[in-house]
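> Whatever this is, show me its structure:
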Amino acid sequence: MYILLALLAACILGIGLHYLLPFRHLRGVAVTPAIATAASGVIYTAMQWAGIAESNGWLWLASIGGGLLIAAIATCLIAVVRHAADQRAQQAIGV
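Next up, the predicted model:
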């Protein structure tokens with residue numbers, strides 16, 4: 001049940017991260033929170049399987065912080081790739 005707290009925190013902080021990162025117009029509003037939530041869930045589950053207890057602060061820091069870090073990196077990569085693709089498409093049609 002505690003995984004829901006980590007997932008909810010990652011999603012809420014992911015929404016804030018969406019508005020902090022540049023090139024918001026190149027991605028959907030749900031992309032960054034979705035990546036943060038999914039990554040947080042994977043990290044939390046992996047650490048639980050490794051034997052880390054829910055009372056350990058490293059579990060929470062790694063799952064929420066790691067999820068946000070992965071989301072920030074992925075969001076920046078998505079924006080860069082999208083921007084480059086848009087530039088190529090504009091050049092191809094002569095705009």
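> Show me how far the helix or strand that contains residue 76 is from its chain's centre.
Secondary-structure element containing residue 76, defined by DSSP states H and E: helix 66-93. On the basis of Cα atoms, centre = their mean, to the nearest Å, the separation between the geometric centre of helix 66-93 and that of its chain is 14 Å.
> So which residue is smack in the middle of the chain?
Relative to the mean C-alpha position of the chain, the nearest C-alpha, by Cα atoms, centre = their mean, is the one of residue 71, at 2.2 Å.
> Model confidence score at that one, please.
Residue-level confidence at residue 71 comes out at 98, pLDDT.
> sorry, back to before: flag every buried residue along the helix holding residue 76.
Taking 16 or more other Cβ atoms under 10 Å as the neighbour-count basis, helix 66-93 is seen to contain the buried residues 66-68, 70-72, 74-75, 78-79. C-beta here means a position set from N, CA and C on the backbone, and glycine is covered the same way.
> wait, isn't the residue nearest to the centre of the chain in contact with residue 35?
Yes - judged on Cβ atoms under 8 Å, residue 71 makes contact with residue 35 at a distance of 4.2 Å.
> any common contacting residues for the two?
Counting by Cβ atoms under 8 Å, 6 or more residues apart in numbering, the residues touching both residue 71 and residue 35 are residue 14.
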